[in-house]
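Trainee: could you look at this predicted model? Sequence included:
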Amino acid sequence: MKIIHAKNYNDLSRKAANIISAQVIMKQNCVLGLATGSTPVGIYRQLIDWYNKGDLDFTNVVSINLDEYVGLPVNSPQSYHYFMHDTFFNHININPENIHLLDGMNPDAVYECRRYDQMINENGGIDLQLLGIGLDGHIGFNEPGAAFDLETHCVRLTESTIEANKRFFKKQEDVPRLAYTMGIKSIMQARKILLVVNGENKADILRKAFLGPVTPEVPASILQLHNSVTLVADEAALHTLL
Ligand code: PGA
């Protein structure tokens, strides 16, 4: 694993955006695995800025998002579909046909998840997967205890995740209890992984993920076994790891 130290959130965003940017320049039709959450927002902002300056072209880029809440329509501001368009896709020249997200309104979980796995395969797999980490060690919505050999599937969110994500909703009861997520197996099949971690509150879980045992109880710990992981983290998140 490569560890890239960032001084602060802005620095983290620029360094991680540089890695994504290099991927897009080196392979114009690359497949990017993208993530939601607070941490990637600065990265998307930076990429938009470089796009506006003419340094980046997303015409042939394919995007595949990690996860989506079950039961939120695409026009719900809390859906990841809405988030990705509002935060990133609406501001760059990605071809809408190349944007892939799980359909949280599809009640047929088995069909929806198989469709997604097939779509990932048809696109030749993911070149670079952007990931955040949850306070409980989740990656995507793979919560503690998730089997390592799962592809896309439906999950029940843990109380810790519901608690962490309620900030995006009016009240805690509004946070969906179910989500569709790419599984650990799908994530591990990405050729490269870019993990971004910011803030003191992530320091403990980051240490467990990389210095602790590889265990489903800490889903991100599986990344110890991936042969191309780059971690970009700020000093506050890194201080217990180094
Ligand atoms: P965050 O979420 O970037 O909002 O902290 C990370 C995650 O839960 O994967």
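Mentor: Nice, thanks for sending it over.
Trainee: quick one: the helices in the chain?
Mentor: Under the criterion DSSP state H, the chain carries helices at the ranges 9-26, 41-52, 80-87, 109-122, 159-165, 184-188, 203-211, 235-238.
Trainee: buried ones in the last one?
Mentor: Of the residues in helix 235-238, those buried by neighbour count under the rule 16 or more other CB atoms under 10 Å are Ala236, Ala237, Leu238. No exception for glycine: its C-beta is placed from N, CA and C like everyone else's.
Trainee: now that helix - C-alpha only, CSV.
Mentor: Output of helix 235-238 as CSV, limited to C-alpha atoms (Å, rounded to 0.1, in the frame of the first residue of the first chain):
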residue,chain,number,x,y,z
GLU,A,235,-2.5,14.0,9.3
ALA,A,236,-5.4,13.8,11.8
ALA,A,237,-6.6,10.5,10.3
LEU,A,238,-3.0,9.1,9.9
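Trainee: surely Pro213 is in contact with Ile222?
Mentor: No: counting by CB atoms under 8 Å, Pro213 stays clear of Ile222, with 10.9 Å between them.
Trainee: sorry, back to before: nearest to Ile187 among the buried residues of helix 235-238?
Mentor: Nearest to Ile187 among the buried residues of helix 235-238 is Ala237, at 19.9 Å by CB to CB.
Trainee: so what's the closest one up against?
Mentor: Val197, Asn198, Gly199, Glu200, Lys202, Ala203, Leu206 (CB atoms under 8 Å, 6 or more residues apart in numbering).
Trainee: 6 Å - rerun?
Mentor: The contact partners of Ala237, taken as CB atoms under 6 Å, 6 or more residues apart in numbering, are Val197, Asn198, Gly199, Lys202, Ala203, Leu206.
Trainee: same deal with Thr161?
Mentor: Contact partners of Thr161, counting by CB under 6 Å, 6+ apart, are Gly134.
Trainee: send me the lowest-mean-pLDDT helix or strand in the chain as CSV with only the CA atoms.
Mentor: Of all helical and strand segments in the chain, the minimum by mean pLDDT, DSSP states H and E falls on helix 159-165, at a mean of 92. Output of helix 159-165 as CSV, limited to C-alpha atoms (Å, rounded to 0.1, in the frame of the first residue of the first chain):
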residue,chain,number,x,y,z
GLU,A,159,-27.2,1.6,13.5
SER,A,160,-23.8,3.2,13.3
THR,A,161,-24.2,4.0,9.6
ILE,A,162,-27.8,5.2,10.1
GLU,A,163,-26.5,7.4,12.9
ALA,A,164,-23.6,8.7,10.7
ASN,A,165,-25.8,9.4,7.7
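Trainee: what residues sit buried inside stretch 129-140?
Mentor: Neighbour-count burial for stretch 129-140, counted by 16+ other CB under 10 Å, picks out Gln129, Leu130, Leu131, Gly132, Ile133, Gly134, Asp136, Gly137, His138, Ile139, Gly140.
Trainee: redo the residues you listed as TSV? Include pLDDT and distance to Ser79.
Mentor: Compiled in TSV, the buried residues of stretch 129-140 are given as follows (pLDDT from 0 to 100; distance: CB to CB, whole Å):
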residue	pLDDT	distance to Ser79
Gln129	99	21
Leu130	99	19
Leu131	98	20
Gly132	98	17
Ile133	98	22
Gly134	95	18
Asp136	93	22
Gly137	96	24
His138	96	19
Ile139	98	20
Gly140	97	16
